[in-house]
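build me a model:
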Amino acid sequence: MNESQFITALRNLPLHKGAVDLADDAAVIALGSDVFVITHDMLVEGRHFLPGQHMADVAWKLVATNLSDLAAKGTDPLGVVLGYMLGDGDADFIDGLDEVLTHYGVPLLGGDTVSGVHGSARAFGLTAIGHASHTPVPRRSGARIGDAIYVTGTLGAAMLGFEALRDGTDGDPTPYTRPMARLAEGRDLAPLATAMMDVSDGLLLDAFRMAEASEATFAIDSAAAPLAAPARVMDCLTWGDDYELLFTLPTGTFPPVPATRIGEVRPKGFAPLVLDGEPLVNADGLGYVHE
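Below you'll find the model as predicted:
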């Protein structure tokens, strides 16, 4: 199975209503008057970080990518639970974990450690739990006809950081090794955004997914997109790992955070995504998908 097929199969299992049919990046659970958000992400050596990469950076990225899912829900993090495979650089990982948890003011709640097989790729998992700052919690669905489409930050910075790290050039690897979760931006946007998610798998693929979830068509203007490498438009729009926020706002509502308008929501057509006037009916090649 590929990732999509596996998730489809999971939908046949007993699901909590807070899982929203596994159509979002986090579960939303109401307990009395409180609403909690729970997410889980993994990093795999050779897939999400380079073999031999400094383990302090791996710890940072593991936490930040999970907190990014909470950011897209306008959530205040309460804590994280770690799944860790022992190996080289354990002390460095702990140092990096201390750095990132201190930076975001998020405590460690516990977790589990295991031994791996010598020479095999390592994998790490993290569950992040947060308290919703606003209800209803923003979802991928909810974008309305006429809404404006925005994105925070710059697209393609992680790609350039990866290439600098891989090739040993003098470029800045930080956007790839230590991404930033847009928690403050997410909290400010939560009362206003009709739909929101973080850009982890590439802007075009994530916009395609948001459009499908909202039963609409997203029209995006690549010339308006904030790109780290303007000469490499499609690379910047499809590479992913930037963990910026993609969101929609009603006409006449302006973002309370720095963001760039990149398109508009149109009535549902035969293609979920229109890029520079060209309908894109298939998500293949628009971003990263686990096969």
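
relative to P256, how far out is the residue lying farthest from the centre of the chain?
For the chain, the largest distance from the centre (Cα atoms, centre = their mean) belongs to H118, which lies 30.8 Å off. Using Cβ to Cβ, to the nearest Å, H118 is found at 51 Å from P256. To be clear about C-beta, it is placed using only N, CA and C from the backbone, and glycine gets the same treatment.

any idea which helix or strand comes after the helix or strand L126 falls within?
Secondary structure from DSSP states H and E places L126 in strand 123-132. Following strand 123-132 in sequence order, the next helix or strand is strand 148-151 (DSSP H and E).

contact partners of the helix or strand just after that following strand?
The element immediately downstream of strand 148-151 (helix or strand, assigned by DSSP H and E) is helix 157-167. Contacts to helix 157-167, defined as Cβ atoms under 8 Å, 6 or more residues apart in numbering, come from residues 50, 53, 169-177, 179, 228-229, 235-236, 239-243.

PyMOL command to pick out the buried ones of the residues you listed?
What follows is the PyMOL syntax selecting those of those that are buried according to 16 or more other Cβ atoms under 10 Å:
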select buried, resi 50+53+173+174+175+176+177+179+228+229+235+236+239+240+241+242+243
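
so which of the contacts of helix 157-167 are in helices?
Those of these mapping onto helices are T174, P175, Y176, T177, D235, C236, per DSSP state H.

report the buried residues of stretch 47-62.
Buried, per 16+ other Cβ under 10 Å, within stretch 47-62: 48-50, 53-62.

now do the host helix or strand of G96, average pLDDT.
If you go by DSSP H and E, G96 is part of helix 90-104. The pLDDT scores in helix 90-104 average 98.

buried residues in it?
Buried-residue list, helix 90-104, by 16+ other Cβ under 10 Å: F93, G96, L97, E99, V100, L101, Y104.

distance to T127 for those residues - can I get that in a markdown table?
Supplementary listing: the buried residues of helix 90-104 in a markdown table, determined by distance: Cβ to Cβ, whole Å:
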| residue | distance to T127 |
| --- | --- |
| F93 | 17 |
| G96 | 18 |
| L97 | 14 |
| E99 | 20 |
| V100 | 15 |
| L101 | 14 |
| Y104 | 15 |
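
closest to D34 out of the residues you listed?
Y104 (20.6 Å; Cβ to Cβ).

chain center to the top helix by length along the chain: distance?
Among the segments of the chain that qualify as a helix by DSSP H, the longest is helix 55-71. Helix 55-71 sits 10 Å away from the centroid of its parent chain (Cα atoms, centre = their mean, to the nearest Å).

same check on stretch 266-275?
With Cα atoms, centre = their mean, you get 22 Å for stretch 266-275.

and that stretch, what's buried?
Of all the residues in stretch 266-275, those buried under the rule 16+ other Cβ under 10 Å are A271, P272, L273, V274, L275.

make TSV from those and add pLDDT and distance to V35 to it.
Formatted as TSV, the buried residues of stretch 266-275 follow (pLDDT from 0 to 100; distance: Cβ to Cβ, whole Å):
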residue	pLDDT	distance to V35
A271	97	34
P272	97	29
L273	98	31
V274	98	34
L275	98	35
